[in-house]
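Colleague: Sequence unavailable; structure follows:
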């Protein structure tokens, strides 16, 4: 038995990497995108290649198995096991060498595919194994799986595009695997050994080896006698590196990979073929591939409907549909001659209309943006499938069996009958071009799912055998298909695989239990959700009942909210929506997940947080773990950006989950003083505005800032928002706002919800909004509570975990605004985080239909103006603008799809050409960036893209609707950003006195 204390201690002392052996860290690496969970011995995150070599030596000394891991997005359990998990994705992610003439590049194993392609793009090159997880998948993991991708029909699989691999064996030796003709002595011995096995088993290879290109099971013993439809090498030579491709880290640990890159096609066109039946789509694939497309990808009816239900994908998918198809095929043609591609697209149209008798079935997509959007929907297919609520989920275990194209329709029909026989149905998508269709029957693994999985697997295997296909076609063997290797290849070839394992890893230290000596696929001890899985008893603060449902595997119909039997009221089921696919491991400038981009730690990833919560809610981290330090540490850097709410295809809303945990934690541990300082801002803002000199002393008197950092945790490196006497409420009488009765009698009434920040701290924004609305002919009423106090959505209290106080504030706001909403009067807000609380958290506070009525009328200022302008009801006289306008979107605006209206409104200004800054979270996130413990991370988030973009445009007008965003821009770039209402007001052609715009002189 491995001495874990010694293992952790030696790793910490002898390397520069991170040794993570606590229960929560190990738990976060106990799962991948499969149905399995195995607690690792520990986790090691190396900083250098030398760290990996040392870790392998230490592990060998202590007889600890080693498991290489990249993005952790494997779907068969390849990257989970009772071993030392070595995560290369954080630091080992560099391009090591590049030869433009030879079309080759050498990379670290932890480099993400999209990052490599971004690096290659200026050279007009790309690495064409374009897996759907290209934004997360590392090249080392792709080689381990022998990944394929959508365009394998044109470019081949990973094995066809690997030129060499440098790798450590378990004995610590670093070998160079490459063309056999140039091998060193040790490598030549291995090649001769494998050649001898291949020659001895030549007859078995010829009779048992699947001849389809999509075959990734076992080891590539056939490199000396190729059986694939596509040769391993262009010249017929043998490359020993191909033995390691698809080996799932069971033979060696990759140090670096030498890859073959290809010229980027200069043009692409896409034909979306709509089919009246699934069978027709499958049958057509064999004819379509004769037109030489670069990809033919399937999207079935279920996935179409799930895509339409996702606001991020709905416009894209609907533009591709003709009527109500049961399936669509995305048929791409790519190359350098655009006119030739258009002819190929026309040939597709002719084929469908003439030979296949489906005229008018093709949507021709020729612009790059629309093509990219459709491919994003297809790439999100797995996660879209997994968005089904309830315990029944599409389960991966036979999802990438590959059969010859001429049998594809018959195979899918037969497998559909198998699913029906076992009371389930499957959702189909993926690679129709090469006979590999991803299908996952819906099973409830907590009940009878494992039994049905075994039965379906047996019958699917018989179908694969009948149609002479490959049981493992793309996603590898891992835990769910390892036991089928002997069935597929027979006892003699299985023995040859074992011989290869013994030769390269005699002590069985490299990712044991995969390919050789695998467990049973349905071993309940390995399942993440098994009949023994239980959750703790919990009374949630928010309403999670929409997730507390059951679904019917055969019809996918859901029970009523609250009918799912969840002991946490649906909170656990909401957390369990995370399928671990790692879609949140994004590094581009979208919204999700800003803290992970800074730290690159699994702990700070949406997936890592969801796993931590799941382990806590199921009691696997011990009693009271939900309110304990491990969960708090995982959630600490979550800025509540809501990027996951929009970008996660399965709808994991970590921002809301953090609020739930904060409320549970505060109920148990109380509220610290620094939390109260921020939470109670709405209560003391009025007093502060009467005594601004006193409340602003902190940033004026030397030493007070540092004292506030010691006492309250407020960063001395930040200036706090300044209180003022001239609040919006004191200026309101001069604005001639409508009274309640005047508003109800007005022809064009609107209600302004003036939040704490814009009411007391940045009042010019609320004044500007009122002036703009009045100039456009609207009667404006600024709502207040019945007691005359300013209204508050409760967000500051929510962030502090003070749920009761937040609910009281929300109730007061609801009482004040509901009468207007019931009359269909728009409720207009300025601060995105406040107004959008009405459309989000308030709906989960138990207010029922009243909250939904209010949410239906709640609009951001720019949403209202854009809506009215589109309806030709909003007219202003505006001065033209010639300045460059850069717009930074508040995270909540992005999450709710509210950024397009900002650009629409700015374009109302003659000559204005607003440009959206390609930025993630600004990093301030309410009080987050003001806290000393978060200040450094906050600035790192801002420096990812926002602040460099602002500094690069010194003369531009910067627009940012979020108060936190404006303060971050001011602190980090020394620039003043404006709310869109201010920008419109500044461009108003007013006949009234300029005194109505008191800020104009300084704008």
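Modeller: Nice, I can see it. Model, not experiment: these values are computed from the prediction.
Colleague: Would you work out how far apart the start and end of stretch 291-299 are?
Modeller: 20 Å (CA to CA, to the nearest Å).
Colleague: And it, what's buried?
Modeller: For stretch 291-299, a neighbour-count test (16 or more other CB atoms under 10 Å) marks 291, 293-299 as buried. Bear in mind the C-beta positions are built from the backbone N, C-alpha and C, glycine included.
Colleague: Format those residues as TSV; extra columns: distance to residue 901.
Modeller: Listed next are the buried residues of stretch 291-299 as TSV, based on distance: CB to CB, whole Å:
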residue	distance to residue 901
291	42
293	39
294	37
295	35
296	38
297	33
298	35
299	30
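Colleague: mind checking the backbone torsions on residue 272?
Modeller: phi -100, psi 110 (degrees, to the nearest 10).
Colleague: swap that for residue 146, please
Modeller: The phi/psi pair for residue 146 (degrees, to the nearest 10) is phi 50, psi 60.
Colleague: Distance check, it against residue 218.
Modeller: In this view, residue 146 and residue 218 are 11 Å apart by CB to CB, to the nearest Å.
Colleague: so what pLDDT did residue 993 get?
Modeller: At residue 993, the pLDDT value in this model is 43.
Colleague: same question, residue 1003
Modeller: Per-residue confidence at residue 1003 stands at 36 (pLDDT).
Colleague: just residue 134 next, same as before
Modeller: If you check residue 134, the pLDDT there is 88.
Colleague: Can you add secondary structure and pLDDT and give the buried residues of stretch 291-299 back as a markdown table?
Modeller: Shown next, in a markdown table, are those (DSSP: H, G, I helix; E, B strand; the rest coil; pLDDT from 0 to 100):
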| residue | secondary structure | pLDDT |
| --- | --- | --- |
| 291 | helix | 94 |
| 293 | coil | 93 |
| 294 | coil | 91 |
| 295 | strand | 89 |
| 296 | strand | 90 |
| 297 | strand | 88 |
| 298 | strand | 88 |
| 299 | strand | 88 |
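Colleague: Of those residues, just say which sits nearest to residue 308.
Modeller: residue 299 (11.3 Å; CB to CB).
Colleague: Against residue 271, how distant is the residue nearest to that closest one when sequence neighbours are not counted?
Modeller: Setting aside the residues directly before and after it, residue 299 is nearest to residue 328 in space (CB to CB, 6 or more residues apart in numbering), at 5.1 Å. When distance is defined by CB to CB, residue 328 is 10 Å away from residue 271.
Colleague: doesn't residue 252 make contact with residue 190?
Modeller: No: under the criterion of CB atoms under 8 Å, residue 190 is not in contact with residue 252, lying 10.0 Å apart.
Colleague: So for these two, which residues contact both of them?
Modeller: Common neighbours of residue 190 and residue 252, counting by CB atoms under 8 Å, 6 or more residues apart in numbering, are 175, 504.
Colleague: For residue 558, give me the backbone phi and psi.
Modeller: Torsion angles, degrees, to the nearest 10, at residue 558: phi -100, psi 150.
Colleague: gap between the residue nearest to it when sequence neighbours are not counted and residue 49?
Modeller: Using CB to CB, 6+ apart and skipping residues adjacent in sequence, the residue nearest residue 558 is residue 549, 4.7 Å away. Counting by CB to CB, the gap from residue 549 to residue 49 is 48 Å.
Colleague: pLDDT score for residue 222?
Modeller: Model confidence at residue 222 (pLDDT) stands at 94.
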